[in-house]
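**Student:** Whatever this is, show me its structure:
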Amino acid sequence: MPELPYALEALAPKMSAETFEYHYGKHLQTYVDNLNRLIAGTPYEEMSLEEIIRKADGGIFNNAAQTWNHTFFFRMLTPDRHPVPGKLAERLARDFGSVEEFKKQFTQAAVGLFGSGWVWLAADKSGKLSIVPKSNAGNPLTDGLRPVMTIDVWEHAYYIDYRNRRADFVAAFWELIDWRKVADRCIPKRYKCTACDYVYDPEKGDPETGIAPGTPFEEIPADWTCPLCGLYKDAFRAIEE
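**Tutor:** Modelled structure (predicted):
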């Protein structure tokens, strides 16, 4: 079970402690327990959640994706409100026209998704953003996209606090987003080699060694080395911008 970066009651009244007791404490716990039971003694036992999501189907996929989705969703929330960072606002304006137009389109997708599922803001390899509705346990990773932000529109996410008023839940959701984390996922950090001046830029990648443009530093193989001095990945440090 992932730890929450806030107390169960921290997001009340928009998301109550009772909602978290069930949504986090029972629903997510069940997905984690089911996944561990299903993968025991299989090749999936040695894989990361991302690998399982990309390769599995059926019950293993559903429980792995729901574990990943919920963890991502809970960690994206905060009781402390912050404005949308400038660089993120620029990206949203580039791909949707404005921040407000993005919120409008995302809200329409979340309120309008039929049945249970998730609505995602996701980025492709070039960094272009799109809104991706997914039914049930769907995750943009299966489409080769990078998840940036999400909302859970399964009824268990909001029924205790809002009953069947999904639109009210979505409206409250906008006041709980940690926009700094969204910005970090939207615009992956650059990393600098500690021994030379080489900077790894995720938007450029390192095509000469097979690292495609759009590959976050975290997804580079551990045996990748600096193109200039040959030091390994663990010698790089994030550039604070």
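
**Student:** all contacts plus neighbour counts: C-alpha atoms, from now on.
**Tutor:** OK.

**Student:** Remind me what the worst-scoring helix or strand of the chain on mean pLDDT packs against, helices and strands.
**Tutor:** Among the helices and strands of the chain, helix 179-186 carries the lowest confidence by mean pLDDT, DSSP states H and E, at a mean of 90. Judged by 3 or more CA pairs under 8 Å, 6 or more residues apart in numbering; DSSP states H and E, the packing partners of helix 179-186 are helix 86-96, strand 146-152.

**Student:** where do the helices sit along this protein?
**Tutor:** Under the criterion DSSP state H, helices of the chain are mapped to 17-22, 29-39, 49-55, 58-75, 86-96, 99-112, 159-162, 166-173, 179-186.

**Student:** So for Asn139, which of these sits nearest?
**Tutor:** Shortest separation from Asn139 across the helices of the chain is recorded for helix 58-75, at 6.8 Å, computed as CA to CA.

**Student:** among the helices and strands packed on helix 179-186, which is nearest Glu18?
**Tutor:** strand 146-152 (16.6 Å).

**Student:** Give me the residues contacting that closest one.
**Tutor:** Strand 146-152 is touched from outside by 70, 72-73, 76, 110, 117-125, 139-141, 173, 182, 185-186, with contacts defined as CA atoms under 8 Å, 6 or more residues apart in numbering.

**Student:** Which of those residues are buried? Put it as a ChimeraX command.
**Tutor:** Those of the contacts of strand 146-152 that count as buried under 16 or more other CA atoms under 10 Å are selected in ChimeraX with:
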select :70,72,76,110,117,118,119,120,121,122,123,124,125,139,140,173,182,185,186
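
**Student:** residues near the nearest residue to Met76 once chain neighbours are set aside, how many?
**Tutor:** Among residues not flanking Met76 along the chain, Asp178 sits closest, at 5.6 Å (CA to CA, 6 or more residues apart in numbering). Using other CA atoms under 10 Å, Asp178 is surrounded by 20 other residues.

**Student:** likewise the one 10 residues further on?
**Tutor:** As a burial measure, the neighbour count of Pro188 was computed by other CA under 10 Å and equals 18.

**Student:** for the closest residue in space to Gly127 that isn't next to it in sequence, what are its contacts?
**Tutor:** Excluding its sequence neighbours, the residue lying closest to Gly127 (CA to CA, 6+ apart) is Gly214, at 6.5 Å. Gly214 makes contact with Asp124, Lys125, Ser126, Gly127, Pro202, Glu203, Lys204, Gly205, according to CA under 8 Å, 6+ apart.

**Student:** how far away is Gly214 from Pro188?
**Tutor:** Using CA to CA, to the nearest Å, Gly214 is found at 9 Å from Pro188.

**Student:** any residues in contact with both of the two?
**Tutor:** Common neighbours of Gly214 and Pro188, counting by CA under 8 Å, 6+ apart, are Pro202.

**Student:** residue contacts, Asn139?
**Tutor:** Counting by CA under 8 Å, 6+ apart, Asn139 makes contact with Ala65, Asn69, Trp118, Pro147.

**Student:** PyMOL command for the buried members of those residues?
**Tutor:** Filtering those down to the buried ones (16+ other CA under 10 Å) takes a single PyMOL command:
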select buried, resi 65+69+118+147
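
**Student:** now the contacts of Asn139 in TSV, with pLDDT and distance to Gln105?
**Tutor:** Compiled in TSV, those are given as follows (pLDDT from 0 to 100; distance: CA to CA, whole Å):
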residue	pLDDT	distance to Gln105
Ala65	98	24
Asn69	97	21
Trp118	98	14
Pro147	94	17
